[in-house]
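> What follows is a predicted structure for the sequence shown.
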Amino acid sequence: MTALLWLKVLHVFFMVAWFSGIFYLPRLFVNHAETSSKEVAEHLKGMEKRLLYFVTPFALFTVIFGLSLIYYYGYDWFVAAKWLHLKITLVMLLLAYHGYCFKLVKDFREDKNVRSGKFYRIFNEGPVLILLAVLYLVYLKPF
């Protein structure tokens, strides 16, 4: 039982760390898209890159510990846990979102951003909605 609890703690810890970065990065994009200062833009380029590379291992550890939990509970549990299948789909969407952030960081780095601050404000809401849905599934297990 102790191993299971440690897996859960580590899974949640890395998930929280990952989300903190995924919530903040689009805010940097908003500021970057709206600045007219070259100096500020250059500073934001560094912040965006460092933040994305900093939180990427947290995403990987979240997935690793999540898969470890599935392995610990076993195949029969996995098949029966229909809520988990939807959670995994949402996590895959979040991983795609995270991957897309690499493209956006590259676009900003190369001064090729064509999107507005308003786009990035809306873009920032995706992970919020995914987190709410994942928490609903994990804690209420509706099916």
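Structure's in. What do you need?
> The longest helix seen in the chain packs against which elements?
Determined from DSSP state H, the single longest helix within the chain is helix 38-73. For helix 38-73, the contact count by 3 or more CB pairs under 8 Å, 6 or more residues apart in numbering; DSSP states H and E identifies helix 2-34, helix 82-109 as packing neighbours. Heads up, the C-betas are built off the backbone N, CA and C, glycines and all.
> Out of the ones you listed, which is closest to Tyr73?
helix 2-34 (8.3 Å; CB to CB).
> the inter-axis angle of the closest one versus helix 82-109?
Interaxial angle of helix 2-34 relative to helix 82-109 (axes from the mean of the first three to the mean of the last three CA atoms, to 10 degrees): 40 degrees.
> can you list the helices and strands packed on helix 38-73 in JSON lines and add mean neighbour count?
As requested, the helices and strands packed on helix 38-73 are arranged in JSON lines below (neighbours: other CB atoms under 10 Å):
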{"stretch": "helix 2-34", "mean neighbour count": "17"}
{"stretch": "helix 82-109", "mean neighbour count": "16"}
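> Those helices: which one's closest to Lys45?
helix 82-109 (5.3 Å).
> helices and strands around the closest one, which ones?
Taking 3+ CB pairs under 8 Å, 6+ apart as the contact cut, helix 82-109 packs with helix 2-34, helix 38-73, helix 125-140.
> Now these in a markdown table, please, with extra columns for distance to Leu95 and mean pLDDT.
Below are the helices and strands packed on helix 82-109 laid out as a markdown table (distance: least, CB to CB, whole Å; pLDDT from 0 to 100):
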| stretch | distance to Leu95 | mean pLDDT |
| --- | --- | --- |
| helix 2-34 | 10 | 97 |
| helix 38-73 | 7 | 98 |
| helix 125-140 | 10 | 97 |
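> Please consider this matter closed, and thank you.
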